[in-house]
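Enquirer: here's my sequence, what's the structure:
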Amino acid sequence: MISGFNTDVEHNGVVYHIQTEDKGLSSQVIVSLVYDRGTILASKRTPYNDLNEGTLDEIALSDRLSHQHKLICAAVRAGRISDLQQMSGRARAARREAAAEAKADLPPPEVRETLEESLVASAAPVVPIETQRVITVSTPETAPIEAPDQAPLTTNVELDDDFFDLPVFADEVTIIDEIQLLPEDLDVVSELSGIDRPRHEHLSVDILGETKFKGGDRVSLNILICRGTDRRIVKDAQIMVKVLGSAFRPVIFHAHSDANGLARVHLQIPHFQAGRAAMVVRVIADGEELETRRLVTPG
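Expert: Sure, this is the predicted structure:
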């Protein structure tokens, strides 16, 4: 099923990045974030536990995910960034008030309908927008965007810890005893040797010489971009490296692969002692998008 959308929307010469994703059955929340060059300007959280009564209604969830993403895109296209920021603040206040009222056995306030009705009622006429699925998108090449002459925005955004939940893979070593092959086993291998393996033309990304990442580290990432079963190199691919954390603001780095499909990104991981963090490497080439994540430990 669709896990989210990513769309770039331009307003007054500034390109804003809107990301909407499903946080999974453990949270049952749809989260939309509005970025400006790595800074989160506004957010919207919508629960969907009403769709998981017994069996999850995946079609309704997909429709709600798409509807929320298009709603935020329309608001940004209409220049309603400040309204989204104010609504984000009101939503946080409402959640705190709902938590206090829950202790007194009072029903929580309904926040989602108020936000959606306000955006639909006052937003400019919405033209059809093309959303980009997380896995495969078609994005035109754009010229570098110059930063607007304005004071940096400082907006405190509350994010749940589960936003950065990533699987942790422990290193394991398995000792295998020497295997004695019988003649009939060799015959079976010989019969299967003529069968071709499935071929594909998908992108692949490798982080060369990869080590464990820790807060405060200064690292140089060597990234190799290939395509297909025969691993043909992909040159001039767009590469974005994001370091996300619950205890610090996101940092973003950009690069392009060279004629050998290689790119080197020098970055400084922010210091943090609590919370969770992750490094996200996103590659776009020939209309296809690929993303891989790595865990960052406190330091």
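
Enquirer: any low-confidence regions in the stretch 151-299 of the chain?
Expert: Low-confidence segments of the stretch 151-299 of the chain (pLDDT under 70): 151-197.

Enquirer: tell me the helices and strands packed up against the host helix or strand of Ile40.
Expert: Per DSSP states H and E: Ile40 is located in strand 39-47. Under the contact definition 3 or more Cβ pairs under 8 Å, 6 or more residues apart in numbering; DSSP states H and E, strand 39-47 sits against strand 29-36, helix 58-77, helix 81-103, helix 112-122. No exception for glycine: its C-beta is placed from N, CA and C like everyone else's.

Enquirer: could you rerun that using 10 Å?
Expert: Under the contact definition 3 or more Cβ pairs under 10 Å, 6 or more residues apart in numbering; DSSP states H and E, strand 39-47 sits against strand 14-22, strand 29-36, helix 58-77, helix 81-103, helix 112-122.

Enquirer: tell me the domain ranges of the chain?
Expert: 4-133+153-158, 203-297 (automatic domain parsing).

Enquirer: who does the strand holding Ile40 pair with, and is each partner parallel or antiparallel?
Expert: Here strand 39-47 has these sheet partners by DSSP bridges: strand 29-36 (antiparallel).

Enquirer: rewinding a little: got the buried residues for the strand holding Ile40?
Expert: Neighbour counts over strand 39-47 (16 or more other Cβ atoms under 10 Å) mark 40-46 as buried.

Enquirer: state the mean pLDDT of that strand.
Expert: Averaged over strand 39-47, pLDDT sits at 90.

Enquirer: go through the helix or strand hosting Asn6 and flag the buried ones.
Expert: For Asn6, the host element (DSSP H and E) is strand 4-11. Neighbour counts over strand 4-11 (16+ other Cβ under 10 Å) mark 4-9 as buried.

Enquirer: same question for stretch 213-228.
Expert: By neighbour count on 16+ other Cβ under 10 Å, the buried set for stretch 213-228 is 213-215, 217, 221, 223-227.

Enquirer: of the buried residues of strand 4-11, just say which sits nearest to Leu203.
Expert: Leu203 has its nearest neighbour among the buried residues of strand 4-11 in Asn6, at 15.8 Å by Cβ to Cβ.

Enquirer: what's the separation between the closest one and Arg227?
Expert: Applying Cβ to Cβ, to the nearest Å, the value for Asn6 to Arg227 is 21 Å.

Enquirer: ditto for Gly261
Expert: Counting by Cβ to Cβ, the gap from Gly261 to Arg227 is 9 Å.

Enquirer: what do the two both touch?
Expert: Taking Cβ atoms under 10 Å, 6 or more residues apart in numbering as the criterion, Gly261 and Arg227 both touch 233-234, 237, 285.

Enquirer: drop anything exposed from those.
Expert: By neighbour count, with 16+ other Cβ under 10 Å, the shared contacts of Gly261 and Arg227 hold 234, 237, 285 as buried.

Enquirer: OK, contacts around the first one?
Expert: In other words, Val234. Going by Cβ under 10 Å, 6+ apart, Val234 touches 203-205, 224-228, 257, 261, 283, 285-286, 288.

Enquirer: and the nearest residue to Leu51 once chain neighbours are set aside, what's its pLDDT?
Expert: In space, and not counting its chain neighbours, Leu51 is closest to Asp57: 4.6 Å by Cβ to Cβ, 6 or more residues apart in numbering. The predicted structure scores Asp57 at 85 on the pLDDT scale.

Enquirer: renumber starting at 10 from here on
Expert: Sounds good: first residue 10 from here, last item Asp66.

Enquirer: surely Asp66 meets Asp59?
Expert: Yes. With contacts counted by Cβ atoms under 10 Å, Asp66 reaches Asp59, the gap being 9.1 Å.
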